[in-house]
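J.: what follows is a predicted protein model with its sequence.
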Amino acid sequence: MSYENGYSLKITGDLGNIKSLHCQKCETSTLDGKFCKECGTKLEKTTVPIKETDVMLEFCKTKHVDSLLNEDGSTNQLGSGNYIESDLLKFSKKYPKALFILDIVWEDDFCSLPSRHFFQNGKRQCGGATIVFEEFDKNKLK
Ligand SMILES: [Zn+2]
């Protein structure tokens, strides 16, 4: 039996900085070279914050994830996702201060159960959704 689960991922928190080379004239950044490819100006070393979208793209390219997530972290295809959690455990060590939030909608024969998993620096916290029942309200009786 194969399970068809829906996965979605959010990335928040401090992803750290990346070294970059900046051309002041063109306002462009690159990762290598000494001079700007456009104008020939000497590039200046700088650091820029790593973008969530870049990290999301990087994670989407890992082996087991490709078809499950869109490049913005939303659900692409349903799938068993057997390895997505172990992939995230490993991947989260690369960005130890960031928080990865994986939402899963489990499809089984009876119902859909959502759960949320937090990953940070190679560790995880798993939790189901809390169901809150409405209070009795006489005015809602029909
Ligand atoms: Zn330039």
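T.: Arrived safely, thanks for sending.

J.: near the ion, which residues of the chain?
T.: Counting by Cβ under 5 Å from the ion, the residues of the chain close to the ion are 23, 25-26, 36, 38-39, 41. Bear in mind the C-beta positions are built from the backbone N, C-alpha and C, glycine included.

J.: wasn't Met59 part of a helix?
T.: Slight slip there: residue 59 is Phe, not Met. Yes - Phe59 sits within a helix when classified using DSSP: H, G, I helix; E, B strand; the rest coil.

J.: ok, now which ones touch it?
T.: By Cβ atoms under 8 Å, 6 or more residues apart in numbering, Phe59 lies in contact with 9, 11, 65, 69, 87-88, 91.

J.: quick check: it vs Glu71, distance?
T.: From Phe59 across to Glu71, the span is 10 Å (Cβ to Cβ, to the nearest Å).

J.: where exactly do the strands run in this structure?
T.: For the chain, the strands defined by DSSP state E cover 6-13, 17-23, 28-30, 44-49, 98-107, 112-120, 123-128.

J.: let's have those in a markdown table, adding distance to Tyr83.
T.: Below are the strands of the chain laid out as a markdown table (distance: least, Cβ to Cβ, whole Å):
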| stretch | distance to Tyr83 |
| --- | --- |
| strand 6-13 | 11 |
| strand 17-23 | 27 |
| strand 28-30 | 34 |
| strand 44-49 | 29 |
| strand 98-107 | 12 |
| strand 112-120 | 14 |
| strand 123-128 | 14 |
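
J.: format those as JSON lines; extra columns: distance to Phe136 and mean neighbour count.
T.: As requested, the strands of the chain are exported to JSON lines (distance: least, Cβ to Cβ, whole Å; neighbours: other Cβ atoms under 10 Å):
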{"stretch": "strand 6-13", "distance to Phe136": "34", "mean neighbour count": "18"}
{"stretch": "strand 17-23", "distance to Phe136": "54", "mean neighbour count": "15"}
{"stretch": "strand 28-30", "distance to Phe136": "60", "mean neighbour count": "14"}
{"stretch": "strand 44-49", "distance to Phe136": "50", "mean neighbour count": "11"}
{"stretch": "strand 98-107", "distance to Phe136": "30", "mean neighbour count": "18"}
{"stretch": "strand 112-120", "distance to Phe136": "26", "mean neighbour count": "15"}
{"stretch": "strand 123-128", "distance to Phe136": "25", "mean neighbour count": "11"}
